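Visitor: Structure, please.
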Amino acid sequence: MTDLVVRSLGEQPYEETWEAMKSFTAERDESVCDELWCLEHPRVYTQGQAGKAEHILAPGDIPVIQVDRGGQVTYHGPGQLVIYLMIDLSRRKLGIRALVDVIEKAIVGTLAELGVEAAPRPDAPGVYVGESKIASLGLRVRRGCSFHGLALNVDMDMEPFRRINPCGYAGMPMSQVTDFVPGAALEDIERRLVGQLVEKLGCNEGSVEYRQGW
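Guide: Modelled structure (predicted):
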């Protein structure tokens, strides 16, 4: 019996994906499997519910979208691995803080497989290598189910991060996997991170269904 569906979606427009997450969450019931959506977005800034306009310094030609996740402003673009987690928290017996822990530990475990030492920080959600932020988190819970998720910088143009205060922190240094693992491929990182999430969500590998596309 399928316990989790993992979709590998390639590059997807942000607003259409956001609408799909909201629809999935609004329409699901106890018979619907949890899903992970693995994808990339075209260049876009997203401003969370707590976001303050002064943290968007000079967006230029990159659109800014106000969204319903937690947190402040972040940047998405090609070469960044985004995984959205549509999880029924009560079914998994998880609170939101426990789900954040699952996500952070999965990212840390993935980077450890590559020889990169990373850690979360209690004062600033996300995952860090030294002082630099390599992954961001932002979640929303509705009807007991999560959506939105994580963004791990893999191999991307980092310049747009300099146009914002990432997650509301002025001067926050940002990094990506290829800074520490030259030649790292997004497809390999996706496979590793999905494996970590599957394990830490308590899924049996035989109950996971992998799909290309919608």
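Visitor: following the top helix by length along the chain, which helix or strand comes up?
Guide: The longest helix of the chain (DSSP state H) is helix 96-113. Proceeding N to C from helix 96-113, the next assigned helix or strand is strand 119-120, under DSSP states H and E.
Visitor: now for that next one, which elements pack on it?
Guide: helix 96-113, strand 127-129 (3 or more CB pairs under 8 Å, 6 or more residues apart in numbering; DSSP states H and E). Any C-beta I mention is one placed from the backbone N, CA and C, and that applies to glycine too.
Visitor: Give me the contacts around the longest one.
Guide: Among residues not part of helix 96-113, those counted as contacts by CB atoms under 8 Å, 6 or more residues apart in numbering are 85, 87, 89, 94, 117-120, 125-127, 129, 134-135, 137, 139, 141, 146, 149-150, 152, 177, 180, 189, 192-193, 196-197, 199-201.
Visitor: out of those residues, which are buried?
Guide: 85, 87, 89, 94, 118, 120, 125-127, 129, 134-135, 137, 139, 141, 146, 149-150, 152, 177, 180, 189, 192-193, 196-197, 200-201 (16 or more other CB atoms under 10 Å).
Visitor: Starting from residue 15, give me the distance back to residue 43.
Guide: 13 Å (CB to CB, to the nearest Å).
Visitor: do the same with residue 49
Guide: To residue 15, residue 49 is 17 Å away according to CB to CB.
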